[in-house]
Every structure is written in structure tokens, then in C-alpha cells.
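Trainee: What follows is a predicted structure for the sequence shown.
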Amino acid sequence: MTHLDEGTLQELLDGEMPAGRGGPAEAHLASCPVCAAQMAELRAGGERMSALLGAGDAPAPMLRAQAEFHRRRRAGRPLARAGRGLSRAAAVMIAIAGAAVAAAAFPGSPVRAWVQENVLAGPPAPAAPAPAPAVATVPAPREVPATGVSILPDDGGVRVVVSGAAPELRVSARLSSAPQAQVRATGAAAGTARFRTSPGRIEVLNAGPGEVAVELPAGAESAFLEVNGRVYAAKDGESLRALVPAESGSADQPVFRAGP
């Protein structure tokens, strides 16, 4: 059995078969699995090429040149026989290459500009990542170092006087084995409290919220803690006695609130 050559199959696929030859060729194609398989291969190749040509973001000028080439070919058919031995994909590529080379040879050609922009320029550079949104940072509150003073008893006695204190100030008191009386301010009170000393006396002025720790010498004959004009605690023999209700703490170390 004589099979259809590729040029005849291409003419059938393109709808260019002359009327007198079309019927017998189509009848043979319907009865010959070999030619039918070759026709299917030609059709699949053409579809793949069409998909590739349509994948661009915008139609290239060379595609317009190729369309014009096919239009003239189908009108005059000067190249029909010459192309029969080629597959449709090869014929399309030759048409594109020929049209592109001819058009790109002229300065200012749209084909030349398209090739330079889409082929020679390479793939577009990836977009720079968007800068991360600025995150406002809140500085941590500065910790105020503790402040304080100490003195020795005078004539066996010592008195610690806290005056002008904020109502939120906490004042703790205890007896200490140290020979001197000590006062230490922490928290906000460390930044606001002012200290003044005289023989046997420590004054803590204008302490804000925070804590003032008072240590009275256990060896002193007398020792007192006064807050805002009122005695809060006093040494009684070998122990410390609270003279106002304590807010917290223990019997040996009561914690008072400076406010009412």
C-alpha cells in the first residue's frame, strides 16, 4: 500500500488540498492507520507550536510577519510544494525566522526592538522585596539605682524622719546588728527622695512612690521611725514595736503605708 507523504498530509491539515485530490486522500487517511497516526502527530505538533507562540505577554511583530507570510502563501501558493516535506512546526519556525531576520535588519524595525527587549534583554529582574514595616519600639523604663545614707547614734539614740512622702510610699523598718542606722530608697522613691543628716538623725524628704527601707541599730538605747509627723515604730527593749497598724510584713519587720 502506498502511504500519503508528509506534504500531502500537511495540505490536508491546512485545508489546502486541491478539490480533485482531496477525496481520495481523505479516503486513504480514513482507512490507513499508519497515515492516520502521522496526521495525528502533525496536528499535535502544530497545536504545541500554537500554544508556545500564544504564551507571550504581547504578540511579537514577527508573529504578524508570519501571518502575512501565510496569507500570501495561501493566496498564490508559490511555496506549497516546496514545504510538503516539512512538518507544520518546522514550516512555522522557518517562516518566523525568515520574517524576523528580514524585518530586524532595518533600524527602527518593531521586530528588531521586540527581539532586543524580549530575547536579548533576558528575563526581567525580580522585583525588590517590599521593605518591612517599621515597628515602633518603646524604650524600657530606666531603672533608678537605689540611694541611701547611714549615721551612728548620738548619745545612744537615733531617729529617722520621713516627711513630705507620697501616700503610695511603702516604709519598712527592722532592727539591725549594724552599729549605725541606715536608710535605703528604691523604685521611684530613689529618684525623688532627698536625704539630710545631723547628729543621730536622718531626714528623708519628698520621697515618691516606691519603698524606703529603714534599719535601726539594735544596740542603740533608743530608736524611732517617724513618717509625716507621726511615730510609726520604736525600739522597745530588744525588739521593734509598731505604733500604727502595719500594711504587711511581720512583727520583726513591719511595712507601713505613708498615706492615711
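Mentor: Alright, I've got the coordinates. The structure displayed is predicted, hence computed values, not measured ones.
Trainee: Ala25 falls within a strand, correct?
Mentor: No - counting by DSSP: H, G, I helix; E, B strand; the rest coil, Ala25 is located in no strand; its state is helix.
Trainee: need the contact list for it.
Mentor: Contact partners of Ala25, counting by CB atoms under 8 Å, 6 or more residues apart in numbering, are 4, 8, 12, 17. C-beta: built from backbone N, CA, C; applies to glycine.
Trainee: Same check on Ala234?
Mentor: Contacts of Ala234 (CB under 8 Å, 6+ apart): 222-225, 240-241, 243.
Trainee: now, which of those sits nearest Arg159?
Mentor: Checking the contacts of Ala234 against Arg159 with CB to CB, the nearest one is Phe224 at 4.7 Å.
Trainee: returning to that earlier point: could you list which of the contacts of Ala25 belong to helices?
Mentor: 8, 12 (DSSP state H).
Trainee: Name the nearest of the contacts of Ala25 relative to Pro129.
Mentor: Checking the contacts of Ala25 one by one against Pro129 (CB to CB), the nearest turns out to be Leu12, at 54.0 Å.
Trainee: Could you check how far that closest one is from His3?
Mentor: 13 Å (CB to CB, to the nearest Å).
Trainee: Likewise for Arg159?
Mentor: For Arg159, the distance to His3 equals 125 Å [CB to CB].
Trainee: again with Ala258
Mentor: Taking CB to CB, one finds Ala258 at 113 Å from His3.
Trainee: cool, and Val162?
Mentor: Noted for Val162: a distance of 116 Å to His3, by CB to CB.
Trainee: how about the strands in the stretch 101-250 of the chain?
Mentor: With DSSP state E, counting those that start in this stretch as the criterion, the stretch 101-250 of the chain has strands at 147-151, 157-163, 170-176, 181-186, 194-198, 201-205, 211-217, 222-227, 230-236, 239-242, 248-249.
Trainee: Dump the C-alpha coordinates for the lengthiest helix in the chain into CSV.
Mentor: In the chain, taking DSSP H as the definition, the longest helix is helix 33-53. Backbone C-alpha positions of helix 33-53 (Å, rounded to 0.1, in the frame of the first residue of the first chain) are rendered in CSV as follows:
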residue,chain,number,x,y,z
PRO,A,33,-3.8,3.6,10.5
VAL,A,34,-0.2,4.5,9.6
CYS,A,35,-1.1,7.7,7.8
ALA,A,36,-3.7,8.5,10.5
ALA,A,37,-1.0,8.2,13.1
GLN,A,38,1.3,10.5,11.2
MET,A,39,-1.6,13.0,10.7
ALA,A,40,-2.2,13.0,14.5
GLU,A,41,1.5,13.7,15.1
LEU,A,42,1.4,16.6,12.7
ARG,A,43,-1.7,18.0,14.3
ALA,A,44,-0.3,17.7,17.8
GLY,A,45,3.0,19.4,16.8
GLY,A,46,1.0,22.3,15.3
GLU,A,47,-1.1,22.7,18.5
ARG,A,48,2.1,22.7,20.6
MET,A,49,3.6,25.4,18.4
SER,A,50,0.5,27.5,18.6
ALA,A,51,0.4,27.2,22.4
LEU,A,52,4.1,28.3,22.6
LEU,A,53,3.5,31.3,20.2
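Trainee: Give the residue spans of the stretch 51-200 of the chain that score low on pLDDT.
Mentor: The stretch 51-200 of the chain contains residues with pLDDT under 70 at 51-125, 134-143.
Trainee: Swap in 80 and give it another go.
Mentor: The model of the stretch 51-200 of the chain has pLDDT under 80 over residues 51-144.
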